[in-house]
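[1] sequence-free structure coming up:
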(Lines give C-alpha, C1' and ligand atoms only; values in the text may rest on other atoms or scores of the structure.)
Protein backbone atom coordinates (compact mmCIF):
# COMPACT_ATOMS: atom_id res chain seq x y z
CA UNK A 1 0.00 0.00 0.00
CA UNK A 2 2.73 2.47 0.92
CA UNK A 3 6.07 2.34 -0.88
CA UNK A 4 9.05 0.99 1.02
CA UNK A 5 11.72 3.42 2.01
CA UNK A 6 14.75 2.52 0.00
CA UNK A 7 17.08 5.21 1.27
CA UNK A 8 17.61 3.43 4.62
CA UNK A 9 18.91 -0.09 4.78
CA UNK A 10 16.84 -2.43 6.96
CA UNK A 11 18.40 -3.19 10.32
CA UNK A 12 19.58 -6.73 10.74
CA UNK A 13 18.51 -8.31 13.95
CA UNK A 14 19.88 -11.42 15.52
CA UNK A 15 17.24 -14.18 15.68
CA UNK A 16 15.92 -14.86 19.15
CA UNK A 17 15.47 -18.45 20.14
CA UNK A 18 12.97 -19.28 22.86
CA UNK A 19 13.19 -22.65 24.53
CA UNK A 20 9.97 -23.87 26.12
CA UNK A 21 10.23 -24.64 29.78
CA UNK A 22 8.70 -27.99 30.68
CA UNK A 23 5.86 -27.95 33.16
CA UNK A 24 6.44 -29.89 36.31
CA UNK A 25 3.42 -31.49 38.00
CA UNK A 26 3.49 -28.76 40.65
CA UNK A 27 3.34 -26.08 37.95
CA UNK A 28 0.50 -27.69 35.98
CA UNK A 29 -2.45 -25.30 35.90
CA UNK A 30 -4.97 -28.13 35.91
CA UNK A 31 -4.75 -31.84 36.74
CA UNK A 32 -4.02 -34.31 33.98
CA UNK A 33 -7.08 -36.15 32.61
CA UNK A 34 -7.73 -39.53 34.13
CA UNK A 35 -7.14 -42.55 31.93
CA UNK A 36 -10.20 -44.66 31.21
CA UNK A 37 -10.31 -47.90 33.11
CA UNK A 38 -11.45 -51.05 31.35
CA UNK A 39 -13.62 -53.50 33.26
CA UNK A 40 -11.80 -56.48 34.74
CA UNK A 41 -14.10 -59.04 33.22
CA UNK A 42 -15.43 -59.10 29.72
CA UNK A 43 -19.17 -59.49 29.40
CA UNK A 44 -20.50 -62.71 27.96
CA UNK A 45 -20.92 -62.95 24.19
CA UNK A 46 -24.46 -63.70 23.06
CA UNK A 47 -25.52 -65.20 19.76
CA UNK A 48 -28.98 -64.73 18.32
CA UNK A 49 -30.42 -66.75 15.43
CA UNK A 50 -32.69 -64.68 13.25
CA UNK A 51 -35.82 -66.21 11.60
CA UNK A 52 -34.14 -66.24 8.18
CA UNK A 53 -31.25 -68.34 9.53
CA UNK A 54 -28.59 -65.68 10.03
CA UNK A 55 -26.65 -65.64 13.30
CA UNK A 56 -25.86 -62.34 14.98
CA UNK A 57 -23.18 -62.35 17.69
CA UNK A 58 -22.58 -59.51 20.14
CA UNK A 59 -22.20 -58.50 23.68
CA UNK A 60 -25.26 -58.56 25.88
CA UNK A 61 -26.09 -55.09 27.07
CA UNK A 62 -28.04 -54.70 30.24
CA UNK A 63 -30.62 -51.96 29.90
CA UNK A 64 -29.95 -48.89 31.98
CA UNK A 65 -32.48 -48.58 34.76
CA UNK A 66 -33.52 -45.00 35.47
CA UNK A 67 -33.03 -43.83 39.00
CA UNK A 68 -36.24 -43.74 40.98
CA UNK A 69 -37.60 -40.25 41.31
CA UNK A 70 -37.86 -38.84 44.79
CA UNK A 71 -41.43 -38.36 45.87
CA UNK A 72 -42.19 -34.68 45.54
CA UNK A 73 -44.39 -33.12 48.19
CA UNK A 74 -47.75 -31.81 47.06
CA UNK A 75 -46.83 -28.31 48.24
CA UNK A 76 -43.34 -26.85 47.87
CA UNK A 77 -41.35 -25.86 50.93
CA UNK A 78 -41.13 -22.27 49.76
CA UNK A 79 -44.92 -22.00 49.66
CA UNK A 80 -45.18 -23.46 53.16
CA UNK A 81 -42.54 -21.03 54.45
CA UNK A 82 -44.33 -18.08 52.87
CA UNK A 83 -47.64 -19.17 54.39
CA UNK A 84 -46.12 -19.62 57.85
CA UNK A 85 -44.42 -16.23 57.53
CA UNK A 86 -47.75 -14.64 56.60
CA UNK A 87 -49.45 -16.19 59.61
CA UNK A 88 -46.66 -14.97 61.88
CA UNK A 89 -46.80 -11.49 60.37
CA UNK A 90 -50.56 -11.38 60.91
CA UNK A 91 -50.13 -12.43 64.53
CA UNK A 92 -47.48 -9.78 65.10
CA UNK A 93 -49.65 -7.09 63.50
CA UNK A 94 -52.55 -8.01 65.78
CA UNK A 95 -50.23 -7.76 68.77
CA UNK A 96 -48.98 -4.38 67.59
CA UNK A 97 -52.55 -3.12 67.25
CA UNK A 98 -53.24 -4.25 70.82
CA UNK A 99 -50.01 -2.64 71.98
CA UNK A 100 -50.88 0.71 70.39
CA UNK A 101 -54.38 0.50 71.88
CA UNK A 102 -52.87 -0.14 75.32
CA UNK A 103 -50.47 2.80 74.94
CA UNK A 104 -53.34 5.11 73.88
CA UNK A 105 -55.44 3.99 76.88
CA UNK A 106 -52.50 4.53 79.23
CA UNK A 107 -51.92 8.03 77.82
CA UNK A 108 -55.64 8.85 78.29
CA UNK A 109 -55.47 7.61 81.90
CA UNK A 110 -52.44 9.77 82.65
CA UNK A 111 -54.19 12.76 81.03
CA UNK A 112 -57.27 12.22 83.22
CA UNK A 113 -55.12 11.90 86.36
CA UNK A 114 -53.38 15.18 85.57
CA UNK A 115 -56.75 16.91 85.13
CA UNK A 116 -58.03 15.38 88.39
CA UNK A 117 -54.93 16.59 90.25
CA UNK A 118 -55.39 20.09 88.81
CA UNK A 119 -59.05 20.17 89.89
CA UNK A 120 -58.24 18.96 93.41
CA UNK A 121 -55.34 21.39 93.77
CA UNK A 122 -57.47 24.26 92.39
CA UNK A 123 -60.24 23.42 94.86
CA UNK A 124 -57.81 23.42 97.73
CA UNK A 125 -56.47 26.81 96.64
CA UNK A 126 -60.03 28.17 96.32
CA UNK A 127 -60.92 26.97 99.82
CA UNK A 128 -57.79 28.64 101.18
CA UNK A 129 -58.52 31.92 99.44
CA UNK A 130 -62.26 32.13 99.89
CA UNK A 131 -62.54 30.17 103.11
CA UNK A 132 -64.26 31.69 106.18
CA UNK A 133 -61.56 30.83 108.64
CA UNK A 134 -61.23 33.31 111.53
CA UNK A 135 -57.51 33.86 111.57
CA UNK A 136 -55.66 34.55 108.32
CA UNK A 137 -52.34 35.41 109.88
CA UNK A 138 -52.59 39.20 109.33
CA UNK A 139 -52.78 42.06 111.89
CA UNK A 140 -56.34 43.04 112.74
CA UNK A 141 -57.00 46.68 113.59
CA UNK A 142 -60.16 47.62 115.46
CA UNK A 143 -61.12 51.05 114.20
CA UNK A 144 -63.56 51.79 117.07
CA UNK A 145 -60.82 51.88 119.60
CA UNK A 146 -58.51 53.96 117.49
CA UNK A 147 -57.86 57.49 118.60
CA UNK A 148 -57.25 60.03 115.91
CA UNK A 149 -55.77 63.12 117.56
CA UNK A 150 -55.54 65.40 114.61
CA UNK A 151 -59.27 65.49 113.90
CA UNK A 152 -60.02 65.51 117.62
CA UNK A 153 -61.86 62.28 117.38
CA UNK A 154 -61.94 60.22 120.55
CA UNK A 155 -63.55 56.86 120.72
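    Cool, the structure landed. A quick note: this is a predicted structure, and the numbers were derived from the prediction, not measured. Numbering: from 1, shown residues only.

[2] Please enumerate the helices of this structure.
    In the chain, helices defined by DSSP state H lie at 77-130, listed in chain order.

[3] Distance-wise, check residue 105 relative to residue 82.
    35 Å (Cβ to Cβ, to the nearest Å). (C-beta placed from N, C-alpha, C; glycine too.)

[4] meant to ask about residue 96, not that
    Counting by Cβ to Cβ, the gap from residue 96 to residue 82 is 21 Å.

[5] And residue 93, by the same measure?
    16 Å.

[6] Could you point out which residue ranges in the protein have low pLDDT?
    1-12, 14-15, 17-18, 20, 22-44, 60-61, 132-155 (pLDDT under 70).

[7] and if we set it to 90?
    For the chain, the stretches with pLDDT under 90 are 1-80, 83, 85-100, 126-155.

[8] Tell me, how many residues neighbour residue 129?
    The local packing of residue 129 (other Cβ atoms under 10 Å) involves 7 other residues.

[9] meant to ask about residue 121, not that
    10.

[10] quick one: contacts for residue 52?
    Residue 52 sits next to no residue when contact means Cβ atoms under 8 Å, 6 or more residues apart in numbering.

[11] Look up how far residue 45 lies from it.
    21 Å.

[12] Ok, residue 98 next?
    The value you get for residue 98 to residue 45, if Cβ to Cβ is used, is 82 Å.

[13] and what of residue 130?
    129 Å.

[14] same check, this time on residue 83
    For residue 83 relative to residue 45 (Cβ to Cβ), the value is 60 Å.

[15] try residue 87
    66 Å.

[16] ditto for residue 117
    On the measure of Cβ to Cβ, residue 117 and residue 45 end up 109 Å apart.

[17] cool, and residue 86?
    For residue 86, the distance to residue 45 - Cβ to Cβ - is 65 Å.
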